[in-house]
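Enquirer: here is a sequence together with a model predicted from it:
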Amino acid sequence: MNIRLNIKSFFFFSLVSLSSYALAFSIVGLNSKEEEQKKIPHFHLNGSEVISQNGESITSKDIYSAALVNLSIDDKEPLELMNNYYEIQEILLMKDLHIKKLEYKKFGQLKIQTTNNEFIKFQDFQLSDQLRTLKLFFQSKDSQNLLKNFKTIDLRHKNKLAIGYY
């Protein structure tokens, strides 16, 4: 009889242990899913809706407001502007600069505001050349000193950039 009771107890405790392991694992999985969502950029489009990196509209309960990048668009497709965001952000990360806002004007100007309230201006039809210029500048020895306390970088000049200071 003791053997039967022990076997029943063993199965009962095994079931309880497995259930608590599954519950703990699902909670860990949920937390890692939330952490993963925080890493994915979400965009606040024209101050009216929130869209994912795929351009899909999402509800506010599914996002974390601290991770939002503001997009302001005049006559441009959101996905096209998001592609610009990724191209620009890749270069800015070389100097640990993060985009807070990306604004597109009708005449083709892209205006970036960083999380440190610095501004960088591009012209959309010259973006690839301007990003190449910015990357070369960031890789130069002089960039360290020239970027101290800067307020703006304007890349709309052919093969040049202008830096404004506080």
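Expert: All right, it came through fine.
Enquirer: switch to C-alpha atoms for all contacts and neighbour counts from now on
Expert: Noted.
Enquirer: domain parsing for the protein?
Expert: As assigned by automatic domain parsing, the chain contains the domains 1-39, 42-165.
Enquirer: weakest of the ones you listed by average pLDDT?
Expert: Mean pLDDT per stretch puts domain 1-39 lowest among the domains of the chain, at a mean of 53.
Enquirer: how many other residues sit next to Tyr166?
Expert: 8 (other CA atoms under 10 Å).
Enquirer: now swap in Leu147 and tell me
Expert: 16.
Enquirer: how near is it to Gln89?
Expert: 17 Å (CA to CA, to the nearest Å).
Enquirer: isn't Ser52 right up against Asn70?
Expert: No - using CA atoms under 8 Å, Ser52 is not in contact with Asn70; the gap is 11.9 Å.
Enquirer: quick check: neighbours shared by those two?
Expert: Phe43 (CA atoms under 8 Å, 6 or more residues apart in numbering).
Enquirer: confirm that Asn83 sits in a helix.
Expert: Yes - using DSSP: H, G, I helix; E, B strand; the rest coil, the assignment for Asn83 is a helix.
Enquirer: roughly how far apart are it and Ser140?
Expert: Asn83 is 26 Å from Ser140, by CA to CA.
Enquirer: for Lys105, same thing?
Expert: 30 Å.
Enquirer: these two: who's more crowded?
Expert: Using other CA under 10 Å as the criterion, Lys105 and Ser140 rank with Lys105 on top: 15 against 10.
Enquirer: tell me the contacts of the more buried one?
Expert: By CA under 8 Å, 6+ apart, Lys105 lies in contact with 73-74.
Enquirer: if we use 10 Å, what do you get?
Expert: 72-76, 111, 123-124 (CA atoms under 10 Å, 6 or more residues apart in numbering).
Enquirer: got these as TSV, with neighbour count columns?
Expert: Formatted as TSV, the contacts of Lys105 follow (neighbours: other CA atoms under 10 Å):
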residue	neighbour count
Ser72	21
Ile73	17
Asp74	13
Asp75	11
Lys76	13
Lys111	19
Gln123	20
Asp124	18
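Enquirer: state the helix or strand in which Lys135 lies.
Expert: Following DSSP states H and E, one finds Lys135 within helix 127-139.
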